[in-house]
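1. I would like to see how this sequence folds:
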Amino acid sequence: MQYVVQGHRFDIYENIGCYPDIFNTLPSYFLSGMWPIVIGLISATYCVLSLRAFSRRRLEFGQFMASNKSLTISRYFRLMALATTEIMLTTPLSIFSIWLNATATDISPWRGWADAHYDYSRVDLIPAIIWRAGPPSEVIGMELSRWLLPICAIVFFGFFGFADEAKRNYQVAFWAVMKHFGVQKKPSSSAGKIVTIG
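-> Residues are numbered from 1 along each chain as shown. Predicted coordinates:
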């Protein structure tokens, strides 16, 4: 759907990378901009319903956890915390993004398919000194698109990367790599773990 309002293939911004060229027209808000908000609201609805059901059925939840060995309480609460974080960030950031797009430049009228896709195969190269000198709302939008993905990855890792199951997997991977260097893990004893080399 984004292709309809994409002026040309993409732009390459120095220090950012490839960036889609979505021109600021009313259909772009419906075809491209609104979907993060819609998905965020659907996700928020499911999260709120899950939290409400959990608070109403705490006793049943304990019985369910006892019968389901693959879902632990800590894993369930991590999922709920991730969903709550998603509620607090996805929809507000999407609304902020639409506001930035709407206020950065004037909204152009839609002049049709031929006008929107004229010279479509073009790829523009934009040096950092030029895009950073633009209006503050455009610079904020570019920097947000640059940093939000790594921040989201760190947050996701924070929720799941320090879990007991993940730590066990890290240990297995570590010893699999160390085995190639001649370091082997000995069975644990009461005095602690013994590591031998060679």
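2. check the offset of the longest helix anywhere in the chain from the chain's centre.
-> For the chain, the helix with the greatest residue count under DSSP state H is helix 73-104. Distance of helix 73-104 from the chain centroid (Cα atoms, centre = their mean, to the nearest Å) equals 9 Å.
3. which elements pack onto that helix?
-> Here helix 73-104 touches helix 35-56, helix 136-160, going by 3 or more Cβ pairs under 8 Å, 6 or more residues apart in numbering; DSSP states H and E. Backbone N, C-alpha and C define where each C-beta goes, glycine included.
4. quick one: which of those is nearest Asp106?
-> Evaluated over the helices and strands packed on helix 73-104, closeness to Asp106 peaks at helix 136-160, with 12.6 Å, by Cβ to Cβ.
5. any idea how many residues pack against Ala66?
-> Ala66 has 8 neighbours, counted by other Cβ atoms under 10 Å.
6. point to the residue nearest the middle of the chain.
-> Note on the chain: the residue nearest the mean C-alpha position is Cys152, at 4.6 Å, using Cα atoms, centre = their mean.
7. check what pLDDT it gets.
-> pLDDT recorded at Cys152 is 88.
8. in its sheet, what does the lengthiest strand in the chain sit against?
-> Using DSSP state E, we find that the single longest strand of the chain is strand 6-13. Strand pairing for strand 6-13, using DSSP bridges, gives strand 17-22 (antiparallel), strand 123-126 (parallel).
9. report the distance from the longest one to the chain centre.
-> By that I understand strand 17-22. How far strand 17-22 lies from its chain's middle: 18 Å, per Cα atoms, centre = their mean.
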